[in-house]
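Student: sharing a model that was predicted from the sequence below.
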Amino acid sequence: MTVETVFYLTAAFLGAALGSFMNVCIHRLPHGESVIRPRSYCPGCGKNITARDNIPVLSWILLRGRCRQCGERISFRYPLVELATIAIWLGMALAYGPTLRALAGAVFFTVLLAIAITDARHYLIPDELSIGGLASGIALAVVTELTTGSPSIVPSVAGAALGFLLLLGVGLVGDWIFKKPAMGGGDMKMMAMIGAYLGPVGAVLTIFLGALAGSVIFGPISLKTGKMVPFGVFLALGAAVTFLLGDTLVDWYQSQFLSF
């Protein structure tokens, strides 16, 4: 087995493990429960899930999507989240190789996925995800600057501050116009996390893309039903596009509108 194969298998294994943990976060954090204790349990009967029944993806397939103890159906969301996280970690490994860029992308996209699903289900962005993600973004910036010499700490901190302040400003203006809360604190803290990973320009581009996607995709639904827009979902989408294509989009914009 080659070193390259071991690297990709390790990335997939980490993705599977973190996907399983993200499922715990998605299920428990909105209810204020600990993600450490108790052990994983069946939502139907409350009995602990044994190690053999808690293998990412594989256990769900072998159990045919049901609890071994009570036969309660286990949501298809669990293996989907695990598969998506495996794809994130393996995809970053394939795209960027054994680099800090791959690690940053894998961690960033994993947190974005958990936030998007939680916000879509509960209209809530847990601080554990947003603030934890903010800390990881700044920590990775510190490691990047110390190991490569590339200026990363100042852009990370500046991006976090700008992302938070921009959404705070939008929220204050929206409160004044609509006479009711227009922006949740969770969205602001999420943008601080995004800015820590993407820097100031990336934060601005994320807000633009998120607002555009939210207006086009969810805007008509919101107008008909009166439902609030789960903005975290669209910020996550905008952040993912910015991470992958941000430089290309900024270069295109500059060439089209700022070239004289």
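Tutor: Thanks, I have the structure now.

Student: okay, now residue 252: neighbour count?
Tutor: 11 (other C-beta atoms under 10 Å). Heads up, the C-betas are built off the backbone N, CA and C, glycines and all.

Student: for it, pull up the helix or strand it's in.
Tutor: Using DSSP states H and E, residue 252 sits within helix 231-257.

Student: what's that helix packed up against?
Tutor: helix 100-122, helix 185-213 (3 or more C-beta pairs under 8 Å, 6 or more residues apart in numbering; DSSP states H and E).

Student: I'd like these laid out as a markdown table, including mean pLDDT.
Tutor: Listed next are the helices and strands packed on helix 231-257 as a markdown table, based on pLDDT from 0 to 100:
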| stretch | mean pLDDT |
| --- | --- |
| helix 100-122 | 97 |
| helix 185-213 | 95 |
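
Student: picking that back up, flag every buried residue along the helix holding residue 252.
Tutor: 231-243, 246, 250 (16 or more other C-beta atoms under 10 Å).

Student: out of those residues, which comes closest to residue 189?
Tutor: residue 232 (10.1 Å; C-beta to C-beta).

Student: the helix holding residue 252 vs helix 100-122, what angle?
Tutor: 130 degrees (axes from the mean of the first three to the mean of the last three C-alpha atoms, to 10 degrees).

Student: helix 231-257 versus helix 185-213: what angle between them?
Tutor: Using the same axes, to 10 degrees: helix 231-257 against helix 185-213 is 50 degrees.

Student: quick check: which of the helices and strands packed on helix 231-257 is buried the most?
Tutor: Of all the helices and strands packed on helix 231-257, helix 185-213 carries the top mean neighbour count, a mean of 24, counting by mean count of other C-beta atoms under 10 Å.

Student: and the spatially most central residue of the chain, what is it in contact with?
Tutor: Taking C-alpha atoms, centre = their mean, the centroid of the chain lies closest to residue 112, which sits 0.6 Å from it. Counting by C-beta atoms under 8 Å, 6 or more residues apart in numbering, residue 112 touches 236, 239, 240.

Student: before we move on, the earlier item: export the helices and strands packed on helix 231-257 to TSV and tack on distance to residue 162?
Tutor: Formatted as TSV, the helices and strands packed on helix 231-257 follow (distance: least, C-beta to C-beta, whole Å):
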stretch	distance to residue 162
helix 100-122	17
helix 185-213	5
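
Student: out of these, which gets nearest to residue 173?
Tutor: Nearest of those (C-beta to C-beta): helix 185-213, 13.2 Å.

Student: which elements pack onto that closest one?
Tutor: Using 3+ C-beta pairs under 8 Å, 6+ apart, helix 185-213 sits against helix 100-122, helix 127-148, helix 153-178, helix 231-257.

Student: got the contact list for the second one?
Tutor: Contact partners of helix 127-148, identified using C-beta under 8 Å, 6+ apart, comprise 25, 29, 35, 100, 103-104, 107-108, 111, 114-115, 118, 150-153, 155-157, 160, 186, 189-190, 192-193, 196-197.
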